[in-house]
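> Quick one, what's the 3D model for this:
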Amino acid sequence: MEVSPARADASVGTGDRWHVEVDRSLCIGSAQCVHTAPDGFRLDTARQSHPAEPETDANEKILVAAENCPVEAIMITLLGSGEPVFPPEE
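Residues are numbered from 1 along each chain as shown. The predicted model follows:
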């Protein structure tokens with residue numbers, strides 16, 4: 001699996017738990033996330049993405065899906081602390 005250049009700070013920590021959100025005002029229904037992480041995302045009848053499980057174990061495929069979202073609609077934070085995983089703080 002290729003690692004995108006945007007991954008300078010993002011990483012999947014063993015044992016980490018994430019909160020995954022999709023900004024539905026940005027989502028264009030490209031389904032890239034569903035193709036990249038089929039266990040992590042679903043499209044509803046309006047073709048809007050949402051996480052299959054908003055609270056999940058850290059997962060490389062979910063991170064790659066967020067990095068490759070064409071409109072950057074996927075946000076991942078560490079569960080509990082709220083520290084951003086993606087997009088990383090600049």
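
> What confidence value was assigned to the nearest residue to residue 85 once chain neighbours are set aside?
In this structure, residue 85 finds its nearest non-sequential neighbour in residue 76, 4.1 Å apart by Cβ to Cβ, 6 or more residues apart in numbering. Where C-beta positions appear, they are placed from N, C-alpha and C, glycine not excepted. Residue 76 is assigned a predicted lDDT (pLDDT) of 97.

> How about residue 88?
Looking at residue 88, its pLDDT stands at 85.

> circling back: correct me if wrong, but the residue nearest to residue 85 is in a strand.
Yes: per DSSP: H, G, I helix; E, B strand; the rest coil, residue 76 lies within a strand segment.

> what number of residues lie near it?
Residue 76 is flanked by 25 other residues according to other Cβ atoms under 10 Å.

> could you measure it against residue 23, distance?
Relative to residue 23, residue 76 is positioned 12 Å away (Cβ to Cβ, to the nearest Å).

> What are the neighbouring residues in contact with residue 78?
16-19, 84-85 (Cβ atoms under 8 Å, 6 or more residues apart in numbering).
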